[in-house]
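**Student:** With the input below, show me the fold.
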Amino acid sequence: MPVFGQILGIEGTAWNLSAALFDTDLIALYSKPYQPPHGGIHPREAAQAHATEMKGVISRVIGDSSLITGVAFSQGPGLGPCLRTVATAARSLALALGVPLVGVNHCVAHVEIGRFATGCEDPIVLYASGANTQVIGYLNRRYRIFGETLDIGIGNALDKFARSKDLPHPGGPKIEELARDGRYIDLPYTVKGMDLAFSGLVSAARETGARLEDVCFSLQETAFAMCVEVTERALAHTGKDEVMLVGGVGANSRLQEMLATMCEERGASFHVPPRKYLGDNGAMIAYTGKIMLESGYTLELADSQVDPSFRSDQVEVTWRRDVPEKEHRPALDLMTEARGAEAVVALTPDEAIKTRVSKGYRVPGLDSRLITERTRAEARLIAMARRAGVPTPLIRDVRADTIVMERVKGTLLRDALEEDHLEETGKTAGKLHGAGIIHGDLTPSNIILRGGRCVLIDFGLAYYSSEVESRGVDVHVLFQTLESTTDGYPSLKEAFSRGYRAAFPEAGAVLERELEIERRGRYL
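**Tutor:** Numbering: from 1, shown residues only. Here you go, the predicted model:
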């Protein structure tokens, strides 16, 4: 395996132009952020500012240019004009120095510099930045996306709210400051499986007449609790035992505190890289470029075009070994207790007693509200689904935070991912949607195979809707989880779709909408 010396990395996906030199460790790092005169970032103005500052920024980090053995640049995702400006500079330098050129995925670079700086091996990653909010995990030479925002990134959400209140850009630090003197008020909380959405939350925060400090506090508490919940759900689904926070919003001390609390409650370790590596920075591009080069990666100039929608799961991870699987979990029928992201289920020979547990990372008002709302809704929607002919557990008792139901014996779909099982799952989902019910967390961990049928469990995020968008998101949650779990995803997806079309007359429109949801740009 070749060993490269100094790698120059140039980052400029959005507002921050940054360059760094990396060898066995960071040698130099310098950044020149673009500060808009008012409002948010204007892509062309930011690109012009980057072009003006490019020579000065790179000159601040380059020592002896003869020692540079490669040039890495952020190839995407990002703002097109900014990406093109950086790519042009990187190509020119690589040609002038006669060294390899490396195109780096911006999101993957956040993960890799975090792993380097913290020493964690195989974490579930919460990537929280201006334009991106994703929950990521590694599997079979890919960084798989378990969940993500369905509309805007959390940083952009905070900035939109800040602009509406004439707060300075970026809005996150000022919101964090004001939140220290705030109290909780109810705001919308939107989690759909391992995906989440912030637009409704921001709109409600802007429109409320409450005291600004209270709104900032509640906006943070609500948005961050959503992020922590979906991270915990991925942690529970995969059985991993490390969590890492990366991205510019990761500098928020309250978000760090909430994730640390969740990890402590679950017995997982929590990792945050140093502040200089959290926001967009040249070091993460230089370091990732170095390990890519050393793994045999090469990029021809003809293939160096930028990609504003470059997703982390498109990158073949040639520099990592596959991590050995954790100890196999016991078969469902042998379990006496199960623990998900929000509840503990005590299992007797005949009953499953599901109790929602208080979450230490959530503010008490939000915590009690979610426990009450979800317990009542789950019991009601399980009963509705059962009346519509959808296989579900039989409910025997409902209390404030507990549902007592029959124990469903069989095999979890996650442990038997086969085409015929996915086709049956499609038929069951079609019947559920035909009854106007959205499951909300349609993952292989919430489907039990019993006697050739699929029994749906865990309706904690379920709701009533006949909208194509809601049904599309429901199917997207399943597809996204399958893609992040197994390389057999294409055939399993097709099997589900066959069953779904067979059971639900409106399946065609829903599957088209799911494809649209998948293709939506996340860099907004």
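
**Student:** Now do the strand or helix carrying Leu449: which elements does it pack against?
**Tutor:** Counting by DSSP states H and E, the element that carries Leu449 is strand 447-450. Applying 3 or more C-beta pairs under 8 Å, 6 or more residues apart in numbering; DSSP states H and E, we find strand 447-450 packed against strand 411-412, helix 419-434, strand 453-456. Backbone N, C-alpha and C define where each C-beta goes, glycine included.

**Student:** which strands and helices sit next to the first one?
**Tutor:** This points to strand 411-412. Secondary elements touching strand 411-412 (3+ C-beta pairs under 8 Å, 6+ apart): strand 447-450.

**Student:** what comes up buried for the strand it packs on?
**Tutor:** Buried positions in strand 447-450, judged by neighbour count with 16 or more other C-beta atoms under 10 Å: 447-449.

**Student:** mind giving me the domain split of this structure?
**Tutor:** 6-112+278-314, 119-276, 332-519 (automatic domain parsing).

**Student:** Show the end-to-end separation of the second one, please.
**Tutor:** Okay, so that is domain 119-276. 16 Å (C-alpha to C-alpha, to the nearest Å).

**Student:** and that domain, how far from the chain's centre?
**Tutor:** In terms of C-alpha atoms, centre = their mean, to the nearest Å, the centre of domain 119-276 is found 10 Å from the chain centre.

**Student:** returning to that earlier point: winner for burial among the helices and strands packed on strand 447-450?
**Tutor:** Ranked by mean neighbour count, the helices and strands packed on strand 447-450 are led by helix 419-434 with a mean of 22 (mean count of other C-beta atoms under 10 Å).

**Student:** who's in contact with the next helix-or-strand element following that one?
**Tutor:** Beyond helix 419-434 in the direction of the C-terminus, DSSP H and E gives the next helix or strand as strand 437-438. Identification of contacts with strand 437-438 by C-beta atoms under 8 Å, 6 or more residues apart in numbering yields 381, 384-385, 388, 390, 432, 462-465, 470-471, 473-474.

**Student:** can you tell me which of those lies nearest to Val102?
**Tutor:** Checking these against Val102 with C-beta to C-beta, the nearest one is Val473 at 35.9 Å.

**Student:** Next, count neighbours for the closest one.
**Tutor:** A count of nearby residues for Val473, using other C-beta atoms under 10 Å, gives 24.

**Student:** Name the nearest residue to it, sequence neighbours excluded.
**Tutor:** Distances taken as C-beta to C-beta, 6 or more residues apart in numbering place Lys192 nearest to Val473, at 5.4 Å, with adjacent residues excluded.

**Student:** And for Ala416?
**Tutor:** The nearest residue in space to Ala416 (C-beta to C-beta, 6+ apart) is Leu449, at 5.9 Å.

**Student:** Now do the contacts for that neighbour.
**Tutor:** 410-413, 416, 421, 424, 455.

**Student:** Leu167: which element?
**Tutor:** Applying DSSP H and E, one finds Leu167 in no helix or strand.

**Student:** er, Leu8 I mean
**Tutor:** Going by DSSP H and E, Leu8 is in strand 6-11.

**Student:** Distance check, Ile395 against Gly248.
**Tutor:** Ile395 sits 45 Å away from Gly248 when distances are taken as C-beta to C-beta, to the nearest Å.

**Student:** ditto for His421
**Tutor:** Distance, His421 to Gly248, by C-beta to C-beta: 41 Å.

**Student:** likewise Leu449?
**Tutor:** 43 Å.

**Student:** What ranges does the stretch 151-300 of the chain have for its helices?
**Tutor:** 154-164, 171-179, 199-207, 212-238, 253-266, 282-294 (DSSP state H, counting those that start in this stretch).

**Student:** Return the most buried member of those helices.
**Tutor:** Note that of these, helix 282-294 is the most buried (mean count of other C-beta under 10 Å), with a mean of 28.

**Student:** That one vs strand 6-11, what angle?
**Tutor:** Orientation check (axes from the mean of the first three to the mean of the last three C-alpha atoms, to 10 degrees): helix 282-294 against strand 6-11 gives 130 degrees.

**Student:** CA atoms only: put helix 282-294 into CSV for me.
**Tutor:** Written as CSV, here are the backbone C-alpha positions of helix 282-294 (Å, rounded to 0.1, in the frame of the first residue of the first chain):
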residue,chain,number,x,y,z
GLY,A,282,-9.9,21.9,5.0
ALA,A,283,-8.4,19.4,7.4
MET,A,284,-11.2,16.9,6.9
ILE,A,285,-10.7,17.1,3.1
ALA,A,286,-7.0,16.7,3.4
TYR,A,287,-7.1,13.8,5.8
THR,A,288,-9.8,12.0,3.9
GLY,A,289,-8.0,12.6,0.6
LYS,A,290,-4.9,11.1,2.1
ILE,A,291,-6.5,7.8,3.3
MET,A,292,-8.3,7.6,-0.1
LEU,A,293,-5.0,7.9,-2.0
GLU,A,294,-3.3,5.4,0.2
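
**Student:** how far is it from where the chain is centred?
**Tutor:** With C-alpha atoms, centre = their mean, you get 22 Å for helix 282-294.

**Student:** can you check stretch 27-43 too?
**Tutor:** With C-alpha atoms, centre = their mean as the basis, stretch 27-43 stands 25 Å off its chain's centre.

**Student:** And for stretch 489-506?
**Tutor:** For stretch 489-506 - counting by C-alpha atoms, centre = their mean - the centre lies 25 Å from the chain centre.

**Student:** list the buried ones in it?
**Tutor:** So stretch 489-506, judged by 16+ other C-beta under 10 Å, has buried residues 489, 492-493, 495-501, 503-504.

**Student:** Any idea how far apart the tips of stretch 234-242 sit?
**Tutor:** Stretch 234-242: ends 11 Å apart by C-alpha to C-alpha.

**Student:** ok, back up a step: the domains of the chain: which one's closest to Arg321?
**Tutor:** Closest among the domains of the chain, using C-beta to C-beta: domain 119-276, at 9.4 Å.

**Student:** Output the below-cut-off pLDDT ranges for this protein.
**Tutor:** 1, 38-40, 323-329, 520-524 (pLDDT under 70).
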